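Novice: here is my input, please return the structure:
(chains A and B)
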There are 2 protein chains.
Amino acid sequence: MARSGTFPLVETPFGAVAPQYGVCSIGDRPPRVAVRLGDHALDLAALAEATGYELAAEFAQPTLNAFMARGPRAWSQTHEWVCTCLGQDAMAHRLVRLTDVSPRLPIAVADYVDFYASEHHAGNVGRMFRPDSDPLPPNWKHLPLGYHGRSGTVVVSGTPIIRPCGQRRPAGEATPVFGPTRRLDFEAEVGFVVGVPAGTPVPVAAAEEHIFGVCLVNDWSARDIQTWEYRPLGPFLGKSFATSMSAWILPLSALDAARVPPPPRDHTLLDYLADNPDRPAGLDLTLEVGLNATVLARPPFASMYYTFAQQLAHLTSNGATLRTGDLFASGTVSGAAPRQRGCLLELTWNGTQPVTLDDGRTRTFLEDGDEVVITATAPGPEDHHIAVGEVAGSVAAAVC
Amino acid sequence: MARSGTFPLVETPFGAVAPQYGVCSIGDRPPRVAVRLGDHALDLAALAEATGYELAAEFAQPTLNAFMARGPRAWSQTHEWVCTCLGQDAMAHRLVRLTDVSPRLPIAVADYVDFYASEHHAGNVGRMFRPDSDPLPPNWKHLPLGYHGRSGTVVVSGTPIIRPCGQRRPAGEATPVFGPTRRLDFEAEVGFVVGVPAGTPVPVAAAEEHIFGVCLVNDWSARDIQTWEYRPLGPFLGKSFATSMSAWILPLSALDAARVPPPPRDHTLLDYLADNPDRPAGLDLTLEVGLNATVLARPPFASMYYTFAQQLAHLTSNGATLRTGDLFASGTVSGAAPRQRGCLLELTWNGTQPVTLDDGRTRTFLEDGDEVVITATAPGPEDHHIAVGEVAGSVAAAVC
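Specialist: Reported below is the predicted structural model:
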């Protein structure tokens, strides 16, 4: 049964929760579509087969793509169907404990784009690396800067991250050396998954017709490799070794109660980027970044200068087509306060101010064995707070 | 029948040619794998079915990916099988005129990476845009710079290119405007298609175990959009609207006779990038760039500083995995001489020195209706010159 409110939570025997969609193996079955409901999962392929639900073929796939491509009507119908099924006592036995399932990468990633939409993050980076210039580049307040990342190395939460090797130029030296990165970092970000393709530019007001859902992203970064390589073509090998995303995707429609206006604009944005006054697209998520169980930061997503709707409008403004499975991430989420910064580069001010963990040890950048866990919550209906997701990963030793 | 020589040409009733693989519809059949032999094509799916060849299932696909994933042994077996079939008189009727087939995008593009490997191109760009610095950035002679492009907008040769819209900042103004690009350019490049995936770094000497073939690429570029957006994250919307690639892929092994040592190195390259002295990986291709049937330039690929083998080694040096269908392009191919430059940016020195076409009209950047055709030839066995491919595209009016 659907609750009333700005969006329906799903009533389960264990409480009311926001559903999240993913792909997992339950028992010895091949991976297929499931829905996460709090600490339990429900095999949607099996349920659709048993009940004759029309999306059985889409749910039998090893990715969410076929389901996502069906569009908003099918997404909301599925939500209602899940609510109805769970309202029947006979269905409770189908809930499997989350600890008994093996989640997979939930989507076949088409193109992956990473933005740079936090003014605090971009400003801090500018202050560190271009101290003689304005912190923000002159284009920053006019467009959501972004770049394409490597979709083939997007991995599901929980996948170990092997410390990458690469070229770095030691301070004061003329020539580079090759070896394991000494400045491995995380970046706490929010990701958006495209369900419905587009062949023409997507206006700000139409973003929701294309975006299936929201996840968390850790855009692992090797700062020393990045610093040496990034001029003039931008990030490449300092990022392309791995990007982690949540196993479970929260439908964007579940965040209706979290919508807030974005920050005030310093310049009027060009028409194609104008905020939609009827439907603010800022999202009041609070991220939490844990390093070995110490909470390092709580970055506020509501402070992001550009919204997901503006990012999608910009991304397609040149006619670039969208495909089901396109993933775009917000860029590092950092707030104004020191403990709201979403990466070690900022938290340690480029390694000059170590952070202290709860066990007394310190960190400038990540060490082998370190585990980073990023979670987020958001306001839901009826004073509920809903879990937006989780992305976790541990650092394994380099192999070069 | 295979010819003797450094690689076998295929004898056809119309002469000896290097085979190229692609995907096309012949008659009313759905798209599937075919081989181009000069001015004719041969439906490999039909031929495999008729002869019981073991790759019939791979050839029945709408992309080359399944065939490419089978690896070098299957590639050379297929070459021999094609030669044998064409040695039988009864097979000649299977050759279809190229004008009667509709080629499709030959591969499902996984990740697309664009390099920047011509010293002349990078130097010219540096002289134009960073006149107060060294023409080459300090990292340039130490690593093959590159960035990820948008794989979803890679299109097959012949696809019209709609003039993109975007933000540009007019000279002397503080704020940008939005509209059709005024500085649409081509970039003549050579592309390499990955057949066999890899989970660990690919050494320079192992590149050929993974690369299926070679094509030509036009990396269309909107210079005004690019100039405004590229700092600090590199090219994004100035490139992502479209990238054209050949319809037909030449197996890398067909270029054995074209192998030449790369240019002398200014610095010793780090070990993982060291040239393989036993097998030079420079390729003596001569590109030809035509604009509305005027030959604008003949860029020499042998002058590229970094080889495809070094690009693949660099791309995977951080542990980034390779997938079947990964495409990487060389970057604009430019030689030392003015008529060897591979883009209008260089040929017109950023629009300050128009080029004159054969009909007397001039160009600084591309106009609507302009057609760009890039071809290349290479030395083959027994004094043959072989066609490496062709990539063509015409500019259509903007729709913003």
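
Novice: C-alpha from now on. contacts and neighbour counts both.
Specialist: Will do.

Novice: quick one: contacts of stretch A:90-103?
Specialist: Stretch A:90-103 has contacts (Cα atoms under 8 Å, 6 or more residues apart in numbering or on different chains) with A:13, A:22-27, A:36, A:39-43, A:85-86, A:156, A:247.

Novice: drop anything exposed from the residues you listed.
Specialist: For the contacts of stretch A:90-103, a burial check counting by 16 or more other Cα atoms under 10 Å in any protein chain shown picks out A:22-26, A:36, A:40-43, A:86, A:156, A:247.

Novice: mind checking the SS state of residue A:78?
Specialist: Applying DSSP: H, G, I helix; E, B strand; the rest coil to residue A:78 yields a three-state assignment of helix.

Novice: now the residue of chain A most remote from its centre: which helix or strand?
Specialist: Relative to the mean C-alpha coordinate of chain A, counting by Cα atoms, centre = their mean, the farthest residue is residue A:174 (37.7 Å). According to DSSP states H and E, residue A:174 maps onto no helix or strand at all.

Novice: excluding its backbone neighbours, what's nearest residue A:12?
Specialist: Using Cα to Cα, 6 or more residues apart in numbering or on different chains and skipping residues adjacent in sequence, the residue nearest residue A:12 is residue A:86, 6.5 Å away.

Novice: how about residue A:324?
Specialist: Among residues not flanking residue A:324 along the chain, residue A:195 sits closest, at 4.7 Å (Cα to Cα, 6+ apart).

Novice: in contact with that neighbour, which residues?
Specialist: Listed by Cα under 8 Å, 6+ apart, the contact partners of residue A:195 are A:65, A:68, A:69, A:70, A:71, A:210, A:211, A:212, A:323, A:324, A:325, A:326.

Novice: between the residues you listed, which is closest to residue A:308?
Specialist: Lowest distance from residue A:308 to the contacts of residue A:195 (Cα to Cα) belongs to residue A:211, with 9.3 Å.

Novice: how close does the closest residue in space to the closest one that isn't next to it in sequence get to chain B?
Specialist: Distances taken as Cα to Cα, 6+ apart put residue A:194 closest to residue A:211, at 4.4 Å, once the chain neighbours are dropped. Distance check for residue A:194 against chain B: by Cα to the nearest Cα, to the nearest Å, it reads 13 Å.

Novice: per-residue pLDDT of residue A:194, please?
Specialist: You'll see residue A:194 listed with a pLDDT of 99.

Novice: before we move on, what about residue A:7?
Specialist: Reported pLDDT for residue A:7: 61.

Novice: mind giving me the packing neighbours of the biggest strand by length in chain A?
Specialist: In chain A, assigned by DSSP state E, the strand with the most residues is strand A:385-396. In terms of contacts (3 or more Cα pairs under 8 Å, 6 or more residues apart in numbering or on different chains; DSSP states H and E), strand A:385-396 is packed against strand A:161-162, strand A:211-218, strand A:243-245, strand A:371-379.

Novice: for the second one, the averaged confidence score.
Specialist: So the one you mean is strand A:211-218. With pLDDT averaged residue by residue, strand A:211-218 scores 98.

Novice: who touches that strand?
Specialist: Residues from elsewhere that reach strand A:211-218 (Cα under 8 Å, 6+ apart): A:68, A:71-72, A:186-196, A:243-246, A:248-253, A:329, A:374-376, A:388-391.

Novice: who does that strand pair up with?
Specialist: Strand pairing for strand A:211-218, determined by DSSP bridges: strand A:188-194 (antiparallel), strand A:243-245 (antiparallel), strand A:250-251 (antiparallel).

Novice: now stretch A:14-23: how far from the chain's centre is it?
Specialist: How far stretch A:14-23 lies from its chain's middle: 17 Å, per Cα atoms, centre = their mean, to the nearest Å.

Novice: can stretch A:133-147 be found next to chain B?
Specialist: Yes: Stretch A:133-147 reaches chain B (Cα under 8 Å from any Cα of the partner chain) through A:137, A:139, A:142, A:145, A:146, A:147.

Novice: out of these, flag the one nearest to residue B:235.
Specialist: Among these, and counting by Cα to Cα, the member closest to residue B:235 is residue A:147, at 7.1 Å.

Novice: what is the burial count for the closest one?
Specialist: Neighbour count of residue A:147, defined by other Cα atoms under 10 Å in any protein chain shown: 27.

Novice: residue A:351 is in contact with residue A:345, correct?
Specialist: Yes: using Cα atoms under 8 Å, residue A:345 is in contact with residue A:351, at 6.6 Å.

Novice: ok, these two, which is more surrounded?
Specialist: residue A:345 (25 against 15).

Novice: list the contacts of that one.
Specialist: A:185, A:223, A:351, A:365 are the contacts of residue A:345 under Cα under 8 Å, 6+ apart.

Novice: just give the closest residue to the second one, not the sequence neighbours.
Specialist: Meaning residue A:223. Of all residues not flanking residue A:223 in the chain, residue A:183 sits nearest, at 5.3 Å (Cα to Cα, 6+ apart).

Novice: residue A:262 sits in which helix or strand?
Specialist: Using DSSP H and E, residue A:262 sits within no helix or strand.

Novice: what's around it, how many residues?
Specialist: Count around residue A:262 with other Cα under 10 Å applied: 19.

Novice: same question for residue A:400.
Specialist: Neighbour number of residue A:400 under other Cα under 10 Å is 14.

Novice: ok, it to chain B distance?
Specialist: In terms of Cα to the nearest Cα, residue A:400 sits 9 Å off from chain B.

Novice: got a list of what that residue touches?
Specialist: By Cα under 8 Å, 6+ apart, the residues touching residue A:400 are A:165, A:179, A:180.

Novice: so the second one belongs to a strand, correct?
Specialist: Yes: according to three-state DSSP, residue A:179 belongs to a strand.

Novice: leaving out sequence neighbours, find the closest residue to it.
Specialist: Take residue A:179 and drop its neighbours on the chain: the residue closest to it by Cα to Cα, 6+ apart is residue A:165, 4.9 Å away.
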